[in-house]
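Enquirer: Let me see the structure of the following:
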Amino acid sequence: MPVPARIAIIAALPREIAGLVRGTEADASLVRDGVWLYRVEGAVVVAAGMGAERAAVAVEAALWVAEEVEMLISTGLAGGCVPGVEVGSVMEAGVVADVATGERFVAGVGSGVTLATADAIASVAEKAGLAERFGASMVDMEAAAVAQMAWARGVGFRAIKGVSDGFDFELSGLAKFEGERGNFRTGAFAAYTAVRPWTWGKAMELGRGSAKALAGLEVALRGVLAEG
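Expert: The predicted model follows:
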């Protein structure tokens, strides 16, 4: 049944929105398709997987159930591309750049931060390249797709991200744990890491950064919802 909602919050992974939707249940009819859709006061919150294709799935699901959406918000974790972007911090982009096409989208409240959207998890060298090519402070895998859909539908767009890792952080092999629907195969990653002690430090560093970023992101998004 359609619900009144002015805001649709779009993430990649369910854990990125877990705090925001605590105490609510995902729409059971969509979970089997890898779409985790929640209804909260004044908004729908959706996670459907990593990458542009799954971000588009999430937006379509949000617009299918919500009436009168006026704002799409791309959220979740991002990597830092330049020194000075603090791990665990929350940043709102003023511009989103699509690495594949070179398109740039105006976002949010006009901050001086540029978020680049790539098609894979970026290495240290790739982060440096994005900083040089686009002036990017952060990199993710979904925001440009959400921005494109917002532009096509004539609705507002914001990109609010939590920084999980810094410009000099790299943990090789993460891409191999992406599932068919853009999910992250946490169990497989844990098993892979368990027998490779040299990866433990990096994995724990990423875990700490992600946890801090997600806690801050929940606070920021609750503030957005309170503003209406």
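Enquirer: Nearest residue to the middle of the protein?
Expert: Among the residues of the chain, the one closest to the centroid is Gly76, at 3.0 Å (C-alpha atoms, centre = their mean).
Enquirer: I figured it was touching Ile9, is that so?
Expert: No - in terms of C-beta atoms under 8 Å, Gly76 does not count as a neighbour of Ile9; the distance is 9.6 Å. Yep, even glycine has a C-beta here, placed from its N, CA and C like the rest.
Enquirer: Check which helices and strands the strand or helix carrying the residue nearest to the centre of the chain sits against.
Expert: When secondary structure is defined by DSSP states H and E, Gly76 falls within strand 71-80. In this structure, strand 71-80 makes packing contacts with strand 7-11, helix 14-17, helix 52-65, strand 138-140, helix 143-153, strand 156-165, helix 200-227, judged by 3 or more C-beta pairs under 8 Å, 6 or more residues apart in numbering; DSSP states H and E.
Enquirer: which residues touch the shortest one?
Expert: The reference is to strand 138-140. Contacts to strand 138-140, defined as C-beta atoms under 8 Å, 6 or more residues apart in numbering, come from residues 74, 76-81, 85, 91, 93, 113-118, 122, 126-127, 130, 161, 163.
Enquirer: same check, this time on the fifth one
Expert: The contact list for helix 143-153, computed with C-beta under 8 Å, 6+ apart, reads 10, 52-53, 55-56, 59, 63, 72, 74, 93, 96-100, 103, 105, 107, 115, 117, 156-157, 159, 161.
Enquirer: Just the buried residues of these.
Expert: The neighbour count (16 or more other C-beta atoms under 10 Å) marks 10, 52, 55-56, 59, 63, 72, 74, 93, 96-99, 105, 107, 115, 117, 157, 159, 161 as buried among the contacts of helix 143-153.
Enquirer: follow-up on the earlier one: show me what the residue nearest to the centre of the chain is bridged to.
Expert: The partner list for Gly76 in beta bridges (DSSP bridges) reads Lys161.
Enquirer: Just list the residues touching it, thanks.
Expert: The contact partners of Gly76, taken as C-beta under 8 Å, 6+ apart, are 11-13, 16-17, 47, 140, 142, 161-162, 217.
Enquirer: Same question for Ala56.
Expert: Taking C-beta under 8 Å, 6+ apart as the test, what Ala56 contacts is 145, 149.
Enquirer: helices and strands of this structure: which one bottoms out on pLDDT?
Expert: Ranked by mean pLDDT, DSSP states H and E, the weakest helix or strand in the chain is strand 3-4, scoring a mean of 62.
Enquirer: Reformat the contacts of Gly76 as TSV; add distance to Glu67 and pLDDT.
Expert: Output for those, formatted as TSV (distance: C-beta to C-beta, whole Å; pLDDT from 0 to 100):
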residue	distance to Glu67	pLDDT
Ala11	21	97
Ala12	25	95
Leu13	26	93
Glu16	25	96
Ile17	21	96
Ala47	21	96
Asp140	28	97
Glu142	24	96
Lys161	27	97
Gly162	29	97
Leu217	26	96
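Enquirer: between these, which is closest to Glu170?
Expert: Checking these against Glu170 by C-beta to C-beta gives Asp140 as the nearest, at 16.0 Å.
Enquirer: Can you give me the pLDDT of Ile121?
Expert: Turning to Ile121, the model gives it a pLDDT of 86.
Enquirer: Settle this for me: it is touching Asp165, isn't it.
Expert: No - because the distance of 9.7 Å does not satisfy C-beta under 8 Å, Ile121 is recorded as not touching Asp165.
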